[in-house]
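Chemist: Let me see the structure of the following:
(one chain, ligands or ions: 2)
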Amino acid sequence: MAGVADSYADPVRIAVIGGTGLQSLPRFTHAATLNVSTPWGAPSSPISILHHPSPTSGKPIPIAFLSRHGLHHELAPHEVPSRANIAALRSIGVRTIIAFSAVGSLREEIKPRDFVVPDQIIDRTKGVRPFTFFEGGMVGHVGFGDPFDEGLARVVRVCGHSLEGEGVELHDRGLLVCMEGPQFSTRAESNLYRSWGGSVINMSALPEAKLAREAEIGYQMICMATDYDCWHTSEDVNVEMVMGHMKANSENARRFIGAVLDELSKEEHGVLVLAKHLDGQTKFAGSITAKAGRAKGASEKLDWLFPGYFD
Ligand SMILES: CSC[C@H]1O[C@H](OP(=O)(O)O)[C@H](O)[C@@H]1O
Ligand SMILES: Nc1ncnc2[nH]cnc12
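Modeler: Numbers count the residues shown, from 1 in each chain. Ligands and ions are numbered 1, 2, ... in the order given. Alright, predicted model coming up:
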């Protein structure tokens, strides 16, 4: 875009990953567009650096925005280059990701256009997506018992509830089933996920959340229900339905994200935003391979992502 810088000097700590129907965040000042290349290739889209005024100091806080499926939704869920996305965000300093997703509801009480802050995931992807930074001669195992960041979730819930009564309805917790796609589920699968206690379903939380954890980035997804999948007696999910609800409720989604960014920009959340609680975990998780056994290619890639960690 003419007049927008292609570099940004300061570290950017907070990122938003936009999903289906949320390919941009208008109304913020566009400070830069970054084309980052990583050892895992190029991210889904250029990274936009947006200036968000801190509600306490008025100072502009930089926010990175990345469109998960590309600028024109040209990447299917299994084609999203999640390693490049997460690596690119970490390389510019990001330690907090608020990820947005359009989901199917597996529960009567979660109605289309309701928001859900998920706290657990069941992985129903099929192993066809690259899902770790540790491979090819460098082994690493990070904890993933709680796949989302409870500290960020608390902030997101307070912000969501503050908008209730203005068209926003929020469910504080939920079990998210992440399926492979791109086809939607069969009715038998949909009912199986319900019997497992699933609340909502999408195709995008994984491996994104796992890679964020490996990269020591606090990660919380905000889900917006767009359909009742195919278990319900109402019409089966289709793309028109998903896009229709996303479009109709996009103003609320943007207000919700704006409120979360307002809150996270406050100095009192500085330690949370820097994900200090995750700092260093990957250094230990990835030190299991003795130096003598480390393959050069794998070490070089990890050195790019974690300078100094595996010296
Ligand atoms: C267009 S329906 C399926 C599609 O929608 C969700 O996308 P996102 O999570 O990026 O908002 C779902 O995960 C699928 O990728
Ligand atoms: N029913 C559904 N299944 C999987 N992903 C979705 N995204 C939106 N609705 C969905």
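
Chemist: From now on I want contacts and neighbour counts done on CA atoms only, so please keep to that.
Modeler: OK.

Chemist: Show the contacting residues for residue 172.
Modeler: Going by Cα atoms under 8 Å, 6 or more residues apart in numbering, residue 172 touches 116-118, 157.

Chemist: Sorry, slip of the keys, the one I care about is residue 178.
Modeler: 121-125, 201-206.

Chemist: so residue 126 sits in a strand?
Modeler: No - going by DSSP: H, G, I helix; E, B strand; the rest coil, the assignment for residue 126 is coil, not a strand.

Chemist: show me where the stretch 151-300 of the chain has strands.
Modeler: Secondary structure of the stretch 151-300 of the chain, counting by DSSP state E, counting those that start in this stretch: strands at 170-171, 175-179, 200-202, 218-227.

Chemist: and of those, who's closest to ligand 1?
Modeler: Set against ligand 1 and scored by Cα to the nearest ligand atom, those come closest in strand 200-202, at 3.9 Å.

Chemist: Which residue is the nearest non-sequential neighbour of residue 90?
Modeler: residue 215 (7.0 Å; Cα to Cα, 6 or more residues apart in numbering).

Chemist: Cross-check the contact I'm expecting between the one you found and residue 281.
Modeler: No - applying Cα atoms under 8 Å as the test, residue 215 and residue 281 come out as separate, 9.2 Å apart.

Chemist: What pLDDT does the model give the nearest residue to residue 296 once chain neighbours are set aside?
Modeler: In space, and not counting its chain neighbours, residue 296 is closest to residue 137: 7.9 Å by Cα to Cα, 6+ apart. On the pLDDT scale, residue 137 is placed at 94.

Chemist: still on that earlier bit, distance of the residue nearest to residue 90 from ligand 2?
Modeler: Per Cα to the nearest ligand atom, to the nearest Å, residue 215 is found 25 Å from ligand 2.

Chemist: Backbone dihedrals for that residue, please?
Modeler: phi -90, psi 10 (degrees, to the nearest 10).

Chemist: if we can go back for a sec, please say which of residue 215 and residue 281 ends up with more neighbours.
Modeler: Neighbour count, other Cα atoms under 10 Å: between residue 215 and residue 281, residue 215 has more, with 27 against 16.
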